[in-house]
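Colleague: Based on what follows, work out the 3D shape:
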Amino acid sequence: MDTITGHIERITFQNPDNGWTVARLQEPGKLDLTTVVGTMTSVQVGESLRCEGNWKNDTNFGFQFVVQTYEVTQPATIRGIQKYLASGMIKGIGDHFAEQIVLRYGEKTLDVIDQTPDLLMEIDGIGPKRFAKITAGWAEQKAIREVMSFLMQYEISPTYAQKVFKTYGEESIAVLQENPYRLARDIWGIGFKTADKTALKLGIPHTSDMRIDAGVEYVLNELSNDGHTCYPVDKFLEQAQQLLEVEANLVAARLAAIEQEERIVTAPLTIDGTLTACVWLKGFHVCEQGIGNEMRRLQGLPPAPSKGGGVGTAPPPLEGAGGRPPLRSINTTKAVAWAEQKLNIQLADNQRIAVAKSLTEKVHIITGGPGTGKSTITKVILLVSHQLTQKIMLAAPTGRAAKRMSEITGLKASTIHSLLEFDFSINGFKRNRENPLDCDLLIVDEASMIDTVLMFNLLKAVPTTARLVLVGDVDQLPSVGAGSVLQDLILSEKIPTTRLTEIFRQAQSSKIIVNAHRINAGMFPDLSNDKGGDFFFMEEEDPDKLIDLVVNLVDSRLPKAYGFDSFDDIQVLAPMNRGTIGNRNLNDVLQKKLNPSYDPLVKMGRSFHDDDKVMQIKNNYDKDVYNGDVGRIKKIDKVEQEVVVLFDGREVFYDFTELDELTLAYAVSIHKYQGSECPCVVMPLVMGHYMMLYRNLIYTGITRGKKLVILVGSKKAVAMAVKNDKAVKRITGLGR
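Modeller: Predicted structure coming up:
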């Protein structure tokens, strides 16, 4: 093998899944840059490398050095040192100060920073504040290098070194040596299998309690990521045994021990008519039992008997803020007629029933598809209720859904998280049983998106005297988080529910709405392209041509024809993330076309540009941004190592170590875009998406478009999705 050294001038490509990297290396004494390729997950612009590998003459890209092994070294040349300092690796140093420091100290620069950092104060512009930031950043980088070396010994991507150090600090290596399975539990992005490799290399026995316990919790967490709040014990044991490769009796024994420690709950559950032993993570069991009891409290009913380990004890009754009496009774027939006259509308019979129940029942669910008048009903409920009280609250699971609710009603609507006032210092919500919301009526829109944990926290905060109205489309995809709460509540037949099926006359002219209802009924949509319509189909089977078509629609055709903004008014929704027509590849292509950059920030396999459209992919209560929120990058600051993102006009700051919480959002999954709407939706559907071609998925995707929906791809794929109503059923304990 050959050996080359140099510093990285730029990174051309980096695959976040496997770390495959294409970079340009500046070798000392060479005029031209060297292309190096290989698995180099952790490398960053400015770093110096010593690479071992072989030269290859690629027919498309010319001479390349294929890296087999590499190590990060201290830069040896003045150019390399300056590039390293300017790369943003150390907070407080950017292009300007990197140049000034290297001009002053030359090849001794790194020794000065490491051994006599006080000399940095001689540089014009470096005062006490910046000096403190530079020295702290340098010390942190040294510590991270140690963690990185430790991780590389155990074949863990050094990309995670900063996150590990941020989590465990100076104790990082000691913590991981004692219990490497904490990596899977504490570091987002590291799974059990990665932690398990480390554990085995550290000599932790294959059958140790520590290993089996970690495997049990990992399988339960993975099942919850698939939407299940619980799972049949026998099927769970099969999965755990397959993962751990140990005898089933060892897993069963640890399952019993973990239950004794009150980390899980096992209890019987009726599934498809059969009484089945199931296992829950303790938190999900508490939430499901709690949802049932909170619903009974709001309805004035006694608590249900506790199931499984005594969880689900009834909460004490609440009298609401100040012990106010419930809203007075009214003649709903007269009230509805009055509201119709005020709003100059005429409700259908089922809509009148929905309004009447919302004004009389303590808890009421309204469900229906697009065009069935859910928004109109909400306005009528509000008009009448405002004659009885001013203590009315409106909420939705996402910021965009709350904003849309405000636009429709003319009243303030909040996200559920902000309504409940999450307090990061206590890692929980301020609003709860002891400190309930001050309201007589709470209306929650997009209720199908509310997962088990959020619903429990919401219900705890609703005062006993208040009325609760849940509005949503139960036929859409279930929540991103675990559970299928709205569906379970409806199926339980214990919550008064009104299902809207009639499409309003004015909605019947929209092919988006008509086709959505056809798909929901299992009928093939009308794919004829009517001039001036709001729904079009463009057939293209060839993947490369299909990508070109999507890009051309977003970049040129739709903006010219309809005046849509490529960023704000058009959203590409694809069923899957992987593959040629997957969101990851679509994002890469759309980013290069819509928002190219010659100086990208490459972190954790992702390339970020100023003004990029991005999406938050996990709940972050500290930043008050949540899974599925879409924003735009306002600024990338390599000196301060932070990225500023605008979410609905609000600036949110991300440290470079937190950028794995963001992904490009030129194209996103339909599931992630739930609860959001866009003037125009472009949705590619191909047979390569067959694993995700479900009726409720395509139905949800189509209903995200407000003014225009364009399906592109294969009619066969559309037909498969419409016929397939066998989406994986979530196993939950709610309502059983």
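Colleague: Looking at per-residue confidence, what score does the spatially most central residue of the chain get?
Modeller: Nearest to the mean C-alpha position of the chain, by C-alpha atoms, centre = their mean, lies Ile617 at 2.7 Å. At Ile617, the model reports a pLDDT of 89.
Colleague: which SS state does the residue nearest to Glu146 when sequence neighbours are not counted fall under?
Modeller: Nearest residue to Glu146, sequence neighbours excluded (C-beta to C-beta, 6 or more residues apart in numbering): Ile173, at 6.8 Å. All C-beta spots, glycine's among them, are computed from the backbone N, C-alpha and C. Under DSSP: H, G, I helix; E, B strand; the rest coil, Ile173 falls in the helix class.
Colleague: Would you agree Ile173 is in contact with Arg145?
Modeller: No. Using C-beta atoms under 8 Å, Ile173 is not in contact with Arg145; the gap is 11.8 Å.
Colleague: ok, back up a step: I figured the residue nearest to the centre of the chain hits Leu659, correct?
Modeller: No. Applying C-beta under 8 Å, one finds Ile617 not in contact with Leu659, separated by 10.9 Å.
Colleague: Give the full set of residues in contact with Pro232.
Modeller: Ile271, Thr276, Ala277, Cys278, Val279, Ile731 (C-beta atoms under 8 Å, 6 or more residues apart in numbering).
Colleague: From those residues, list just the buried residues.
Modeller: Neighbour-count burial (16 or more other C-beta atoms under 10 Å) is assigned, among those, to Ile271, Thr276, Cys278, Val279, Ile731.
Colleague: Kindly provide the distance from the first one to Gln14.
Modeller: Spelled out, it's Ile271. To Gln14, Ile271 is 44 Å away according to C-beta to C-beta, to the nearest Å.
Colleague: Phi, psi for Lys30 please.
Modeller: Per-residue torsions, Lys30: phi -100, psi 140 (degrees, to the nearest 10).
Colleague: Look up the closest residue to it, ignoring the ones flanking it.
Modeller: Gly6 (7.9 Å).
Colleague: Output the below-cut-off pLDDT ranges for the stretch 301-450 of the chain.
Modeller: 304-326 (pLDDT under 70).
Colleague: residue ranges of the helices in the stretch 251-400 of the chain, please?
Modeller: 282-298, 332-343, 349-360, 374-385, 399-409 (DSSP state H, counting those that start in this stretch).
Colleague: give me phi/psi at Gly92?
Modeller: phi 100, psi -10.
Colleague: Could you count how many residues lie near the residue nearest to it when sequence neighbours are not counted?
Modeller: The shortest distance from Gly92 to any non-neighbouring residue, by C-beta to C-beta, 6+ apart, is to Lys133 (3.7 Å). By the criterion of other C-beta atoms under 10 Å, Lys133 has 18 neighbours.
Colleague: go on, the one 5 residues further on?
Modeller: The criterion is other C-beta under 10 Å. On that basis, Trp138 has 20 neighbouring residues.
Colleague: wait, isn't it in contact with Val112?
Modeller: No. Contact between Trp138 and Val112 fails when scored by C-beta under 8 Å: they sit 10.6 Å apart.
Colleague: how about the nearest residue to Pro75, chain neighbours excluded?
Modeller: Of all residues not flanking Pro75 in the chain, Ser48 sits nearest, at 4.1 Å (C-beta to C-beta, 6+ apart).
Colleague: what sits against Gln476?
Modeller: Applying C-beta under 8 Å, 6+ apart, the residues contacting Gln476 are Ser448, Gln674, Asn696, Tyr699, Thr700, Thr703.
Colleague: Tell me the spacing between the third one and Ile490.
Modeller: When you say that, I think you mean Asn696. 15 Å.
Colleague: shared neighbours of Trp138 and Val112, which are they?
Modeller: By C-beta under 8 Å, 6+ apart, no residue touches both Trp138 and Val112.
Colleague: returning to that earlier point: dump the contacts of Pro232 to JSON lines, plus pLDDT.
Modeller: Formatted as JSON lines, the contacts of Pro232 follow (pLDDT from 0 to 100):
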{"residue": "Ile271", "pLDDT": "87"}
{"residue": "Thr276", "pLDDT": "92"}
{"residue": "Ala277", "pLDDT": "93"}
{"residue": "Cys278", "pLDDT": "94"}
{"residue": "Val279", "pLDDT": "95"}
{"residue": "Ile731", "pLDDT": "94"}
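Colleague: Can you give me the distance of the residue nearest to Glu146 to Phe165?
Modeller: From Ile173 across to Phe165, the span is 10 Å (C-beta to C-beta).
Colleague: Neighbour count for the two, which is higher?
Modeller: Neighbour totals were compared for Ile173 and Phe165, and Phe165 leads with 22 against 17 (other C-beta under 10 Å).
Colleague: So the more buried one sits against Lys142, correct?
Modeller: No. If you go by C-beta under 8 Å, Phe165 and Lys142 don't touch, sitting 10.5 Å apart.
Colleague: so who does the nearest residue to Val643 once chain neighbours are set aside touch?
Modeller: Once flanking residues are discounted, Val643 sits nearest to Tyr654: 4.6 Å by C-beta to C-beta, 6+ apart. By C-beta under 8 Å, 6+ apart, Tyr654 lies in contact with Lys623, Glu642, Val643, Val644, Val645, Glu661, Leu662.
Colleague: go on, Tyr154?
Modeller: Each residue near Tyr154 by C-beta under 8 Å, 6+ apart is listed here: Pro180, Lys197, Thr198, Lys201, Leu202.
Colleague: Which one of those residues sits in the busiest neighbourhood?
Modeller: The most crowded member of these, judged by other C-beta under 10 Å, is Pro180 (25 neighbours).
Colleague: A helix includes that residue, no?
Modeller: No. Pro180: not assigned to a helix; according to three-state DSSP it is coil.
Colleague: From Asp196, how far off is it?
Modeller: Where Asp196 is concerned, Pro180 sits at a distance of 8 Å (C-beta to C-beta).
Colleague: Closest to Ile365 out of the contacts of Tyr654?
Modeller: Looking at those and their distance to Ile365, the nearest is Lys623, at 31.8 Å (C-beta to C-beta).
Colleague: who does the residue nearest to the closest one when sequence neighbours are not counted bridge with?
Modeller: Among residues not flanking Lys623 along the chain, Val652 sits closest, at 5.2 Å (C-beta to C-beta, 6+ apart). Counting by DSSP bridges, Val652 is bridged to Val645.
Colleague: any idea how far Val652 lies from Gln241?
Modeller: 43 Å.
Colleague: next one: Val265
Modeller: 21 Å.
Colleague: now do Glu122
Modeller: Plainly put, Glu122 is 65 Å away from Gln241 if you go by C-beta to C-beta.
Colleague: shared neighbours of Ile173 and Phe165, which are they?
Modeller: Shared contacts of Ile173 and Phe165, counting by C-beta under 8 Å, 6+ apart, come down to Val147.
Colleague: Can you report how many residues neighbour Gly563?
Modeller: Counted by other C-beta under 10 Å, the residues lying close to Gly563 total 9.
Colleague: how far out from the middle of the chain is the helix or strand hosting Leu549?
Modeller: Per DSSP states H and E: Leu549 is located in helix 543-552. Between the centre of helix 543-552 and the centre of its chain there are 26 Å (C-alpha atoms, centre = their mean, to the nearest Å).
Colleague: circling back to that earlier point, the contacts of Tyr154 in helices, which ones?
Modeller: Counting by DSSP state H, the part of these found in helices is Lys197, Thr198, Lys201.
Colleague: Make a markdown table out of these and add distance to Pro679 and pLDDT.
Modeller: Putting the ones in helices among the contacts of Tyr154 into a markdown table (distance: C-beta to C-beta, whole Å; pLDDT from 0 to 100) gives the following:
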| residue | distance to Pro679 | pLDDT |
| --- | --- | --- |
| Lys197 | 48 | 87 |
| Thr198 | 48 | 86 |
| Lys201 | 53 | 86 |
